[in-house]
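Asks: structure here, sequence nowhere to be found:
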DNA sequence: GTCTATATTACGATAGAC
DNA sequence: GTCTATCGTAATATAGAC
C-alpha cells in the first residue's frame, strides 16, 4: 500500500482504496470491475494498475488492512487487567462502536473471504482468530474467577461475536434507538449470557 | 457430472439447481458463470437456458424457494400455543437443525441479497421479516406473561437470530461437539438472554 | 501520473441443427 | 432435450505516448 513521494498520487491512492471499499460493499467483489473503481474517482483503468498489482491484491489489502487496524485499535483501547465483568463491558462497547463506524469494511471482511486466494485467506483467518481470542480470554478469566457461568468459552465467544457483529447489518444512525441505547441493551444481553443477569433482575423486581 | 444418454429434463433441472447452489455458495453469484453451472452437470450452456430464463431469475428462485420452504417447515413444526419458554426452546432447536442441514442455501440467502433486483429483494425481505416475527411473537408472549425479562423484543429477536445463524459459518459435522451438545448450549444461552438463567444457576450451585 | 489503445479472454443470451 | 455456433459486450491486464 506504500506509494510514496510527494505526488498527487497519494490522494488518488486513498480515493481508489475508498472507492473500492464502497463498491465492493455495495455490489460485491466479483461484480465490480477495475474500470468501475477507476471511473468512480475519475481516472482511467490503466491508472488503476499503478496502485495495486491486480484485483486479488486489492481485496487482500482491504481485508488485511481492516483486520490489522481492528487488532491495533483493540490493543490500545481494551484494558488487560481488572474485573472480568468490566473487561467484558469494555469489549462489547468497543466492538459495537468500531463496527458501527465502518459498516462497509465489516461487511466486506465477512462476505468476501471466499474470494481470497488460499494463502491470503489463511493469513486473514489467523488475524480473525486473534481477535476472537481477545474476547475468549476475558470469558476464561471470568469463568476461572467464578464471575461468569459459562459452559464453553469458545462457543460463547463465537455466539457473542456473531450477535454483536449482526448489528451492522441493520444499524442506521438516526434510527429508532440511539447508539448508546443499543450498546446498553446488547451489554445487558451479554451479561445475561454469562450468567450475570443483573440488569434483568433489577428491572424485574424494582424495590 | 456424468452425462446420461436418454436423460430426462427433470433430472437435469434438479442437478442444475443443486449445482448453482453449490457454486454460488463457494464462489459467489457474480463470480459463477452460466457456463460453469452447465459444465458442472455435464451439459452445454445453451441447455442451461432451457430451465431458467436468465441468471437473475435463477438467483431469485433459489433465495425465494429457500425462504418459502423455511417458512412452510417452521409453520408445520413449531407449536403455536403453550408456555413461552417451551415455544422458545422449540424455535431454537428448529432453527439450528434447519440451518445446519442447509449451510449452502443459508449462506447464499444472506450473502447474495444485494445481487437481487430491487423488486426481487423487496419480496425476499417480506419473507425474512415474517420468519423473524415467528420468534418475536414468542418473545412478546413471554414478556407479557412475565416469563421473560426483555427490554426490547425486536432487538432481542435480531440478536438471537444473528447468534443462532452464525452457527452455520463454523459448524462441521464430526467436530468437537455433537449437534445435540451445540443445541443444548445455545438453548442455555438463549434462556439466559431472556432472563431465565436456570441452567447457569443450577450449574453454579449444585446442591 | 495519467492517458489511449489494444491483446486476450470470457461473459450472458439466442438461433437453428439434430 | 441438447448441441454447436455465434452476436454483442465487457472483463483483466499491459504497452507506449505525453
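Replies: Received, thanks. Note that the structure is predicted; figures quoted are calculated from it, not measured.

Asks: okay, now residue A:169: neighbour count?
Replies: 14 (other C-beta atoms under 10 Å in any protein chain shown). In this view, the C-beta of every residue, glycine as well, is placed from N, C-alpha and C.

Asks: same thing with residue A:143?
Replies: 19.

Asks: wait, isn't it in contact with residue A:150?
Replies: Yes - counting by C-beta atoms under 8 Å, residue A:143 touches residue A:150, with 5.0 Å between them.

Asks: get me the contact residues on chain A for chain B.
Replies: Residues of chain A lying near chain B by C-beta under 8 Å from any C-beta of the partner chain: A:26-31, A:111, A:114-115, A:146, A:149, A:151-152, A:155-156, A:158-163, A:165-166, A:169-170, A:177, A:182, A:185-186, A:188-189, A:192-195, A:197, A:200-201, A:203-204.

Asks: among these, which ones are buried?
Replies: Neighbour-count burial (16 or more other C-beta atoms under 10 Å in any protein chain shown) is assigned, among the residues of chain A next to chain B, to A:28-31, A:111, A:115, A:149, A:151-152, A:155-156, A:158-163, A:165-166, A:182, A:185-186, A:188-189, A:192-195, A:197, A:200.

Asks: after the lengthiest helix in chain A comes which helix or strand?
Replies: Assignment by DSSP state H gives helix A:118-144 as the longest helix of chain A. Remark: after helix A:118-144, the chain's next helix or strand is helix A:153-165, criterion DSSP states H and E.

Asks: packing partners for that following helix?
Replies: If contacts are counted by 3 or more C-beta pairs under 8 Å, 6 or more residues apart in numbering or on different chains; DSSP states H and E, helix A:153-165 sits against helix A:84-101, helix A:118-144, helix A:179-193, helix B:153-165, helix B:167-170, helix B:179-193.

Asks: buried ones in the second one?
Replies: Within helix A:118-144, the residues that qualify as buried are A:120, A:124, A:127-128, A:134-143, counting by 16+ other C-beta under 10 Å.

Asks: flag the shaky bits of chain A, pLDDT-wise.
Replies: For chain A, the stretches flagged by pLDDT under 70 are A:1-8, A:197-207.

Asks: name the residues of it found near DNA strand D, please.
Replies: A:32, A:33, A:34, A:35, A:36, A:45, A:46, A:49, A:53, A:54, A:55, A:56 (C-beta under 7 Å from any atom of the strand).

Asks: 10 Å instead, please
Replies: A:29-39, A:44-50, A:52-58 (C-beta under 10 Å from any atom of the strand).

Asks: now, of the residues you listed, which are buried?
Replies: For those, a burial check counting by 16+ other C-beta under 10 Å picks out A:29, A:30, A:31, A:32, A:34, A:37, A:38, A:48, A:52, A:55, A:58.

Asks: all set now, cheers.
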